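Undergrad: mind folding the following:
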Amino acid sequence: MTQLRLEQLDAHLSRQLASLYVLHGDEPLLSFEAADAIRARARTAGYSERVVLLAERNFKWGELGAAAASMSLFGDRKLIELRIPTGKPGTEGASAIQAFCEAHSEDIFALVSLPRLDRAGQNSAWFAALGRCGVVVNIHPVERPRLPEWIAARLARQKQRADRDTMQYLADSVEGNLLAAHQEIQKLGLLFPQGSLDFDMVRAALMNVARYDPGQLGEAMLAGDRARLARMLEGLRGEGEAAPRILWVLADEIRTLARVQRGIAAGRPLPEVFRECRIWGSARQTLVADAARRIRTDHIEAALAHAAAIDRIIKGVLRGDAWDEMLHLGLRFA
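TA: Here you go, the predicted structure:
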């Protein structure tokens, strides 16, 4: 299976063009830009007729084979886009995809768009068939620490730059929303000339478009990032998130940390502990391992008891403000 990281795609397309590409990831802006670059390169290679198939509920998988088998009225080379929003084609779809790959020819250019698949999906026969037939482009979200760098690179495209504090402010304002970040960066390009942007002009132009992801709360908590944790909790509360869901996210992170601590104390290899606790990705594994070594066991036990008390507050058994208590719970790890 030929696999590329997103940042390798432009160099790859400048050298060659495969006959099938699979976009694999959950970041809409980056997936859209990658698809646009691949389509543009395919058009220069003569694939001028485009067929888009959206495999949603009740999609007839025979359309995939029919699109590949039918000839263009004008003899043009054909580009078939297959989009599978759920990443689960089902039994019929899996068979259709494998048959499509087996019969694939150079006269047909294919672009398949998928969300990030779980381990079972990535090990499936239909995904393996796509990988053998073409190139898989892995599109990973921009991790929070890399967001200022990502924004700086986007500003550089329009010949603008800013200092570190301004980059950090931009990152805080658009956290978790790359599409909004892209729009705000474009707006800065329209409002201001090329060159250096100062903090005040950026702040005046920027509206707060952060979209807070509850799943990232644990990251802020374990990292001991108090400012980010407080900002995210305030944002989630303002967006109307349910307190029980937020508490579950925090408590689950604490329980995971306790399991990792027990594994380390028992002398078990960290990779084995991570697999058992379903902790994937080197960045997250490093974060959890560092927290497990840094935080005392009695502090984790106290945090779990605190989470249980917050649950009783949410249910009306105890008096108090659940959101304030969740902030204090997270600050235990700072």
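
Undergrad: now the helix or strand where residue 237 lies: average pLDDT?
TA: Using DSSP states H and E, the secondary-structure element containing residue 237 is helix 226-238. Across helix 226-238, pLDDT averages out at 88.

Undergrad: mind checking how far it is from the chain centre?
TA: On the basis of CA atoms, centre = their mean, to the nearest Å, helix 226-238 is displaced by 20 Å from the centre of the chain it belongs to.

Undergrad: check which helices and strands that helix is in contact with.
TA: The helices and strands touching helix 226-238, judged by 3 or more CB pairs under 8 Å, 6 or more residues apart in numbering; DSSP states H and E, are helix 217-223, helix 322-331. To be clear about C-beta, it is placed using only N, CA and C from the backbone, and glycine gets the same treatment.

Undergrad: please save the CA atoms from it in CSV.
TA: Output in CSV follows, covering the C-alpha atoms of helix 226-238 (Å, rounded to 0.1, in the frame of the first residue of the first chain):
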residue,chain,number,x,y,z
ARG,A,226,-5.0,26.1,33.0
ALA,A,227,-5.8,29.0,30.7
ARG,A,228,-6.8,26.7,27.8
LEU,A,229,-8.9,24.5,30.1
ALA,A,230,-10.8,27.5,31.5
ARG,A,231,-11.3,29.0,28.1
MET,A,232,-12.6,25.7,26.7
LEU,A,233,-15.0,25.1,29.6
GLU,A,234,-16.4,28.6,29.3
GLY,A,235,-16.8,28.2,25.5
LEU,A,236,-18.5,24.8,25.8
ARG,A,237,-20.9,26.1,28.5
GLY,A,238,-21.7,29.1,26.2
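
Undergrad: and the next helix or strand past it?
TA: Using DSSP H and E, the helix or strand that follows helix 226-238 towards the C-terminus is helix 243-265.

Undergrad: what does the helix or strand following that following helix rub up against?
TA: Once helix 243-265 ends, the next helix or strand along the chain (criterion: DSSP H and E) is helix 270-277. The set of residues external to helix 270-277 that reach it, using CB atoms under 8 Å, 6 or more residues apart in numbering, is 256, 259, 260, 263, 264, 280, 285, 288, 289.

Undergrad: can you do 6 Å?
TA: The set of residues that contact helix 270-277 without belonging to it, under CB atoms under 6 Å, 6 or more residues apart in numbering, is 256, 259, 260, 263, 285.

Undergrad: ok, those residues vs residue 309, which is closest?
TA: residue 256 (19.9 Å; CB to CB).

Undergrad: and the gap between the residue nearest to that closest one when sequence neighbours are not counted and residue 178?
TA: Nearest in space to residue 256, with sequence neighbours left out and distances taken as CB to CB, 6 or more residues apart in numbering, is residue 277 at 5.4 Å. Applying CB to CB, to the nearest Å, the value for residue 277 to residue 178 is 29 Å.

Undergrad: pick out whichever of these two has more residues nearby.
TA: Between residue 277 and residue 178, counted using other CB atoms under 10 Å, residue 178 has the larger neighbour count: 21 against 17.

Undergrad: pretty sure that one contacts residue 29?
TA: Yes: if you go by CB atoms under 6 Å, residue 178 and residue 29 touch, sitting 4.4 Å apart.

Undergrad: before we move on, the earlier item: derive a PyMOL selection command for the buried subset of the contacts of helix 270-277.
TA: Selecting just the buried residues from these in PyMOL takes one command, with 16 or more other CB atoms under 10 Å as the test:
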select buried, resi 256+260+263+285
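
Undergrad: buried by neighbour count: which residues of stretch 213-230 qualify?
TA: Here stretch 213-230 shows 213-214, 216-225, 228-229 as buried, counting by 16+ other CB under 10 Å.

Undergrad: how long is that stretch end to end?
TA: End-to-end span of stretch 213-230 (CA to CA, to the nearest Å): 13 Å.

Undergrad: show residues contacting the helix holding residue 237.
TA: Judged by CB under 6 Å, 6+ apart, the contacts made with helix 226-238 from elsewhere in the structure are 210, 212, 217, 220, 221, 323, 327, 330, 334.

Undergrad: got the angle between it and helix 243-265?
TA: Comparing the axes of helix 226-238 and helix 243-265 via axes from the mean of the first three to the mean of the last three CA atoms, to 10 degrees yields an angle of 150 degrees.

Undergrad: can you tell me the element the residue nearest the centre of the chain falls in?
TA: When the chain is reduced to its mean C-alpha position, the nearest residue by CA atoms, centre = their mean turns out to be residue 141, at 3.5 Å. Using DSSP H and E, residue 141 is not contained in any helix or strand.

Undergrad: isn't it up against residue 27?
TA: Yes: Residue 141 lies in contact with residue 27 (CB under 6 Å); the separation is 5.1 Å.

Undergrad: helix or strand for residue 203, which one?
TA: Taking DSSP H and E as the definition, one finds residue 203 inside helix 199-205.

Undergrad: for that helix, packing partners?
TA: If contacts are counted by 3 or more CB pairs under 6 Å, 6 or more residues apart in numbering; DSSP states H and E, helix 199-205 sits against helix 164-173.

Undergrad: where does the residue lying closest to residue 312 once chain neighbours are set aside fall, phi/psi-wise?
TA: Sequence neighbours aside, residue 318 is the residue nearest to residue 312 in space, at 4.5 Å (criterion: CB to CB, 6+ apart). Comment: the main-chain dihedrals of residue 318 come out as phi -120, psi 160, following degrees, to the nearest 10.
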